[in-house]
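Engineer: sequence and predicted structure, then a few things I'm wondering about:
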Amino acid sequence: MINFLSDYPHLTNKYKKLVGISSTVPIEVIYSGGFVALDLNNIFISSPSPLELLKKSTEFAPRAVCSWTRGVLAAAVFLKLKNAVIVTEGDCAHTIPITDILSYRDINVFSFEYPLNHDLKRLKNEIDRFIEYYKTDICSCEKIKEEFDRCRAVLKKIDELTYRELKVSGFENHLNLVSASDFNCDPVLFYKNAREFLDEAEKRPSKSVSLRIGHAGIPPIFSDYYNYISSLGSEVIFNETQRQFSMIDGIGRDLYGAYHNYTYPYSFQNRLKDIKKAISERELDCLIHYVQSFCFHQIEDRMLKNELGDFPLLTIEGDYPAPLNENDRLKIESFISSVERKKYKLKSKKINLLNRKNHAVGIDLGSRSVKIAYYGRYEQKFEIFETMDFIIKYLSGENKKKSFDKFQADILKLSGADNISKIEYFSTGYGRYRASVFDAAPFSEIECHAAGAIYSTGLKNFTLLDVGGQDIKVIEIKNGSIKGFSMNDKCAAGSGRYIENMARILKADLGEISKHYREPEPLSITCATFGETELIAKLIAGVDIKKIMAGVNYTVYARIEPLLNEHRSLSGALVVTSGITHNTAFLEFLKSESGFKKIVIPKNAQFMGAIGAAVLGVS
């Protein structure tokens, strides 16, 4: 059993009065009744061992429940709370079973329900029921609200310093606002600390930021989300739900009116109005919509995109408490870069890589292979390595100069040229920062694949499809700029790894599998690992192996089709790059089912990332 309370000594003397809350509720009622509100979300995420809590939570919740929900459960159980308030209408879809689990653990649970139809009379009745449960009265609650509104007024000024004067960072804004859901169990101390922070922040100089970014959705579970965005020169100046949790829009309203004005628990339309208002009022350049794995709020992502139209929007999905992974960093970096190009009207110069004094080398360090694109005076050459072979040969030594010299010598051999004045190196891919040993300037994958495709095809409007070893990238290019993109990077389904695994089970080479597209056998499991079981079952059942191979190819297409539809260019042109261009069957499915008028496969299609790195580097 985790000795959880010892991690929070400030709670010890309040332990018997603690009431765990699963989401924002009228905490004025709890305090008026002589108790202390404790936001279980904040306790979970600020724990010294949130991952340990999640491991322990499997005792009462399956893995396929979101980490926030499991964290709330674990925090309540391991704190051995006596009382809890769970929002069973207007919050998580799992809250009703949460009440059952906590009740089973001898925790007294009050189920609070926000009316989904936003009916004020019903909300009043619910708050009155809450007041009666805690044996208090509305007048006492209103007096407590007046005290709390002093804290909220300070938070409102902190929020204004964030977007009006750029003196408060996105993370500081997030931390102050989200903590107001329970005032860290000590409203008096919270006010003192918030007031001191405000006084210090007001004396700061205003920051200069590249982009003013809005964060929509629940608080991110990533530990370095805000700091990473700040490191790219931009700042989050709007935290949608954290701001709602703080109840700063309820200042001056009565208790009923304040919680009726609170947007999060009601229809998505209420949240949408708040987001649109922030886009205008705070002059946002773009929006990042955070969604949680296994959360029903993911359904709202499509509505948000439809409502915002061409306004730049990126969706990021998180699962458990951890730093951003490389794919998520890539998405954020590429998104910010593409918005910056539009905002500042940055355009790449028209260049000819073959007519330059300095030679250029693009390096695409992928998860499965490393592609090299060399451009000398009037000649170009390409080379591909297995990733591990490349790492062992050039990146595994401690002596960076020796690694660089070895790589430079091999590039000179590849070029076959004499008297080269200078070679410039540019990198992309998962390992782009590892290429710093070659003095290679790094660029994001999304930008490089787009730049490579534009340079290689001469097209300005198209959809780009790149099927990598472990991910899929679909990018819409409009007027020579990135309009939007999606990546299937949470699993290897539909990627090159999936086809390779299936080929291994079928004892066939990739060339043989790529021939078959007629009468594809339906395959329901797209997982690159568990799909093996289904293939073996099909073979045992006597299904023609050619139909199974066709089924493998169709499964890849079916996995990609929704991404193509999401980023379909009005030009009707689809540019296909990467090794998937050698798969005849997949291309047949694209031609017959995707609905694109024109499918273009550029020369050296497998080297688009490396070509794009060279293009962006020299331009």
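Structural biologist: Cool, the structure landed. Remember, it's a predicted structure, so these values are computed and weren't measured experimentally.

Engineer: neighbours of Ala614, how many?
Structural biologist: Close neighbours of Ala614, defined as other Cβ atoms under 10 Å, add up to 30. C-betas here are computed from N, CA, C, even on glycine.

Engineer: can you list the domain ranges for the chain.
Structural biologist: 5-136, 141-343, 359-446, 447-618 (automatic domain parsing).

Engineer: export the ones you listed to JSON lines and append columns for distance to Lys350 and mean pLDDT.
Structural biologist: Below are these laid out as JSON lines (distance: least, Cβ to Cβ, whole Å; pLDDT from 0 to 100):
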{"stretch": "domain 5-136", "distance to Lys350": "48", "mean pLDDT": "90"}
{"stretch": "domain 141-343", "distance to Lys350": "16", "mean pLDDT": "95"}
{"stretch": "domain 359-446", "distance to Lys350": "15", "mean pLDDT": "86"}
{"stretch": "domain 447-618", "distance to Lys350": "9", "mean pLDDT": "89"}
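
Engineer: relative to Ile351, which of these is closest?
Structural biologist: domain 447-618 (5.8 Å; Cβ to Cβ).

Engineer: what's the spacing between the closest one and its chain's center?
Structural biologist: Domain 447-618 sits 22 Å away from the centroid of its parent chain (Cα atoms, centre = their mean, to the nearest Å).

Engineer: swap in stretch 100-108?
Structural biologist: Offset of stretch 100-108 from its chain centre (Cα atoms, centre = their mean): 34 Å.

Engineer: what's the answer for stretch 420-433, then?
Structural biologist: In terms of Cα atoms, centre = their mean, the centre of stretch 420-433 is set 27 Å apart from its chain centre.

Engineer: ends of it, what's the gap?
Structural biologist: Using Cα to Cα, to the nearest Å, the end-to-end distance of stretch 420-433 comes to 25 Å.

Engineer: likewise for stretch 115-124?
Structural biologist: 10 Å.

Engineer: quick one on the thing from earlier: in CSV, list the domains of the chain along with distance to Asn352.
Structural biologist: Shown next, in CSV, are the domains of the chain (distance: least, Cβ to Cβ, whole Å):
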stretch, distance to Asn352
domain 5-136, 51
domain 141-343, 22
domain 359-446, 9
domain 447-618, 10
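
Engineer: Leu353 is nearest to which of those domains?
Structural biologist: Counting by Cβ to Cβ, Leu353 lies closest to domain 359-446 out of those; the figure is 3.9 Å.

Engineer: packing partners for whatever helix or strand Gly71 lives in?
Structural biologist: Under the criterion of DSSP states H and E, Gly71 resides in helix 67-78. Counting contacts by 3 or more Cβ pairs under 8 Å, 6 or more residues apart in numbering; DSSP states H and E, helix 67-78 is packed against strand 18-21, helix 40-45, helix 50-57, helix 95-104.

Engineer: take these and lay them out in JSON lines including mean neighbour count and distance to Arg253.
Structural biologist: Putting these into JSON lines (neighbours: other Cβ atoms under 10 Å; distance: least, Cβ to Cβ, whole Å) gives the following:
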{"stretch": "strand 18-21", "mean neighbour count": "24", "distance to Arg253": "20"}
{"stretch": "helix 40-45", "mean neighbour count": "23", "distance to Arg253": "24"}
{"stretch": "helix 50-57", "mean neighbour count": "18", "distance to Arg253": "35"}
{"stretch": "helix 95-104", "mean neighbour count": "17", "distance to Arg253": "26"}
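
Engineer: tabulate those (CSV), appending distance to Tyr557.
Structural biologist: Converted to CSV, those look like this (distance: least, Cβ to Cβ, whole Å):
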stretch, distance to Tyr557
strand 18-21, 47
helix 40-45, 40
helix 50-57, 36
helix 95-104, 38
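
Engineer: what's the closest of the ones you listed to Val437?
Structural biologist: Of the helices and strands packed on helix 67-78, nearest to Val437 by Cβ to Cβ is helix 50-57, at 32.8 Å.

Engineer: how much does that closest one deviate in direction from helix 67-78?
Structural biologist: Inter-element angle recorded for helix 50-57 and helix 67-78: 70 degrees (by axes from the mean of the first three to the mean of the last three Cα atoms, to 10 degrees).

Engineer: run the chain-centre distance for helix 50-57.
Structural biologist: Centroid separation for helix 50-57 versus its chain: 22 Å, with Cα atoms, centre = their mean.

Engineer: ok, now which ones touch the residue nearest to Phe462 when sequence neighbours are not counted?
Structural biologist: What sits nearest to Phe462 in space, not counting adjacent residues and going by Cβ to Cβ, 6 or more residues apart in numbering, is Ala573, at 4.0 Å. Shown in contact with Ala573 (Cβ atoms under 8 Å, 6 or more residues apart in numbering): Leu459, Asn461, Phe462, Thr463, Phe596, Lys597, Lys598, Ile599, Val600.

Engineer: wait, the first one touches Lys598, no?
Structural biologist: In other words, Leu459. No - at 9.3 Å, Leu459 does not count as touching Lys598 under the criterion of Cβ atoms under 8 Å.

Engineer: among those two, which residue is more densely surrounded?
Structural biologist: Leu459 (18 against 11).

Engineer: quick one: the more buried one from Leu79, how far?
Structural biologist: Distance from Leu459 to Leu79, counting by Cβ to Cβ, to the nearest Å: 59 Å.

Engineer: with Asn583 instead?
Structural biologist: 54 Å.

Engineer: neighbour count: the two, which is higher?
Structural biologist: Asn583 (25 against 22).

Engineer: can you tell me the closest non-neighbouring residue to that one?
Structural biologist: Ser514 (4.1 Å).

Engineer: what is the burial count for the one you found?
Structural biologist: So Ser514, with other Cβ under 10 Å, has 22 neighbours.

Engineer: next one: Glu534
Structural biologist: Glu534 is flanked by 21 other residues according to other Cβ under 10 Å.

Engineer: hmm, Ile540 and it touching each other?
Structural biologist: No - look at Glu534 against Ile540 with Cβ under 8 Å: they stay out of range, at 10.8 Å.

Engineer: and Ile158, which of the helices and strands packed on helix 67-78 is closest to it?
Structural biologist: So among the helices and strands packed on helix 67-78, helix 40-45 is nearest, using Cβ to Cβ, at 17.3 Å.

Engineer: export that closest one to PDB, keeping only CA atoms.
Structural biologist: Output of helix 40-45 as PDB, limited to C-alpha atoms (Å, rounded to 0.1, in the frame of the first residue of the first chain):
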ATOM      1  CA  LEU A  40      -8.200  14.600  -6.700                       C
ATOM      2  CA  ASN A  41      -7.000  15.400 -10.200                       C
ATOM      3  CA  ASN A  42      -4.400  17.900  -8.800                       C
ATOM      4  CA  ILE A  43      -3.400  15.500  -6.100                       C
ATOM      5  CA  PHE A  44      -2.800  12.700  -8.600                       C
ATOM      6  CA  ILE A  45      -0.800  14.700 -11.200                       C
END
